[in-house]
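Trainee: Below: sequence and its predicted model.
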Amino acid sequence: MMQHNLSFSGGSDKVKYFASLGYLDQDGLYSSLNYKRYNARINLDIQVTNTTKVSLDINGRLEKRTAPTTSISSIFEHTLRNPPTITAEYPGIGYAQVGSYVNTLRAVDPAGAMIILRTTPFLLRCNWNNRYHG
């Protein structure tokens, strides 16, 4: 697993800010199993007057998942059920498929993996606070 995060913050009495970027790359048990995530966040607080404060928050995320087209439980099941005498792969030809037995090497091959991209839309939230001390 590899994860990187970068953030910075600062400001003055009237304006405060925070920003962050993140990256995560996590491999699974097979080379066809992977998860990547990119995320970003920006927060901005502005004291407009002594009684009014405006806050702006923006964040979002992009995910990429790579997985075998066969379920993980099915891969383990067929790994245990397949007779050890069945050839897994023929050189120069490809993966063997004998009868109803699923070739688990073919099931976990990255070339046949399914890729899912999911984007969480960047969310924008604004707050307006007005305090009156009378």
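Mentor: On my side now, so go ahead.

Trainee: and the longest helix for the protein?
Mentor: helix 72-81 (DSSP state H).

Trainee: Would you mind pulling up the elements that the helix or strand following that one packs against?
Mentor: Scanning forward in sequence from helix 72-81 by DSSP states H and E, the next helix or strand is strand 89-90. Contacts defined by 3 or more CB pairs under 8 Å, 6 or more residues apart in numbering; DSSP states H and E place strand 89-90 against no helix or strand at all. C-betas here are computed from N, CA, C, even on glycine.

Trainee: what's in contact with the following helix or strand past strand 89-90?
Mentor: Using DSSP H and E, the next helix or strand after strand 89-90 towards the C-terminus is strand 94-95. Strand 94-95 is contacted by residues A88, E89, N103, L105, R106, D109 when judged by CB atoms under 8 Å, 6 or more residues apart in numbering.

Trainee: Quick check: the third one touching A96?
Mentor: What that stands for is N103. Yes - between N103 and A96 a contact is recorded at 6.0 Å, counting by CB atoms under 8 Å.

Trainee: where does this structure have its least confident helix or strand?
Mentor: Of all helical and strand segments in the chain, the minimum by mean pLDDT, DSSP states H and E falls on strand 114-130, at a mean of 78.

Trainee: Figure out how far it is from the centre of its chain.
Mentor: 15 Å (CA atoms, centre = their mean, to the nearest Å).

Trainee: what do you get for stretch 48-60?
Mentor: 29 Å.

Trainee: What residues sit buried inside that stretch?
Mentor: K53 (16 or more other CB atoms under 10 Å).

Trainee: CA atoms only for that stretch, dumped as PDB, please.
Mentor: What follows is stretch 48-60 as a C-alpha-only set of coordinates in PDB (Å, rounded to 0.1, in the frame of the first residue of the first chain):
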ATOM      1  CA  VAL A  48     -16.600  39.700   6.900                       C
ATOM      2  CA  THR A  49     -17.600  41.900   9.800                       C
ATOM      3  CA  ASN A  50     -17.500  41.600  13.600                       C
ATOM      4  CA  THR A  51     -20.800  39.700  13.400                       C
ATOM      5  CA  THR A  52     -20.700  38.000  10.000                       C
ATOM      6  CA  LYS A  53     -18.600  35.000   9.100                       C
ATOM      7  CA  VAL A  54     -18.700  33.200   5.700                       C
ATOM      8  CA  SER A  55     -17.300  29.600   5.300                       C
ATOM      9  CA  LEU A  56     -16.700  27.800   2.000                       C
ATOM     10  CA  ASP A  57     -15.900  24.100   1.900                       C
ATOM     11  CA  ILE A  58     -15.100  22.100  -1.300                       C
ATOM     12  CA  ASN A  59     -14.200  18.400  -1.400                       C
ATOM     13  CA  GLY A  60     -14.200  15.600  -3.900                       C
END
